[in-house]
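Q: starting from these lines, generate the structure:
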Amino acid sequence: MTALKSAAFAVLLAGIVPASQTYAAGSGNHSHGGSHGHGAAADIGTPGGTPSRTITISMYDNYYEPENISVAKGETVKFIVKNEGSFVHEFNINTPESHAAHGPHMAMLFEMGMIEPDKINRAEMAATKGSDHDMSHDEPNSLLMNPGETQELIWTFNTDKELEFACNIPGHYDAGMSGALDIN
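A: Below you'll find the predicted structure:
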């Protein structure tokens, strides 16, 4: 990554994440129930199933195309998500409150070097799986993606909760990287 991109990301991060928000490696277990997915995703929908349609989402620095998606309650959708940006991005389906709660975890991953502005250190993240400090980021409602990467997520929307899709990389959500999920 160029020095200019690194500097731009550092400025964005410094302006969004308060210096008082520091997270030590021993600050707690990542199995945080409803905030991101571990065992509680069912209250916002269910992973998998036979999709009735496919929606392609492109992630840029720092927005999605499209920015709004309408789905029917009970509908199963296959998302093909492409990271077209220069930075690491996340596609995460959840409530606005859960996105706010997930932000500190993502900041911790960044501070620990598991996520860098332009790459994910997946081997380091995977090495924590199953430990008291699980940082593997493998929830069924979320994709964490390197620049240029394409992934798929299949989701059944069987909830009445207000949902959105968002990127919780430090500074991205606050910069407007979220989109509405209208369930009708």
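Q: which residues are contacting the one helix or strand residue 144 maps to?
A: Taking DSSP states H and E as the definition, residue 144 sits inside strand 142-145. For strand 142-145, contacts defined as C-beta atoms under 8 Å, 6 or more residues apart in numbering pick out 36-37, 59, 81, 83, 88-94, 115, 120, 137, 151, 153. In short, each C-beta sits where N, CA and C put it, glycine included.
Q: ok, stretch 70-86 next?
A: Residues contacting stretch 70-86 (C-beta under 8 Å, 6+ apart): 1, 5, 49-62, 89, 91, 118, 143, 145-160, 181-184.
Q: hmm, which of these are the buried ones?
A: The neighbour-count test (16 or more other C-beta atoms under 10 Å) marks 51, 57, 59, 61-62, 89, 91, 118, 143, 145-147, 149, 153-159, 181, 183 as buried among these.
Q: the residue nearest the centre of the chain and residue 160, how far apart?
A: Compute the mean C-alpha point of the chain, and by C-alpha atoms, centre = their mean the closest residue is residue 90, 3.4 Å away. For residue 90, the distance to residue 160 (C-beta to C-beta, to the nearest Å) stands at 24 Å.
Q: equivalent analysis for residue 116, please.
A: 38 Å.
Q: beta partners for residue 70?
A: residue 182 (DSSP bridges).
Q: go through stretch 108-126 and flag the buried ones.
A: So for stretch 108-126, counting by 16+ other C-beta under 10 Å, buried means 108, 109, 110, 111, 112, 114, 115, 116, 117, 118, 120, 125.
Q: quick revisit: list the contacts of the nearest residue to the residue nearest to the centre of the chain once chain neighbours are set aside.
A: Nearest non-adjacent residue to residue 90, counting by C-beta to C-beta, 6 or more residues apart in numbering: residue 167, 4.5 Å away. Neighbour list for residue 167: 59, 62, 89, 90, 91, 92, 173, 177, 178 [criterion: C-beta under 8 Å, 6+ apart].
Q: dump those residues to JSON lines, plus distance to residue 100.
A: Output for the contacts of residue 167, formatted as JSON lines (distance: C-beta to C-beta, whole Å):
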{"residue": "59", "distance to residue 100": "20"}
{"residue": "62", "distance to residue 100": "17"}
{"residue": "89", "distance to residue 100": "18"}
{"residue": "90", "distance to residue 100": "14"}
{"residue": "91", "distance to residue 100": "17"}
{"residue": "92", "distance to residue 100": "12"}
{"residue": "173", "distance to residue 100": "8"}
{"residue": "177", "distance to residue 100": "14"}
{"residue": "178", "distance to residue 100": "11"}
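Q: about what we covered before: farthest-separated two in the buried residues of stretch 108-126?
A: 108 and 118 (18.7 Å; C-beta to C-beta).
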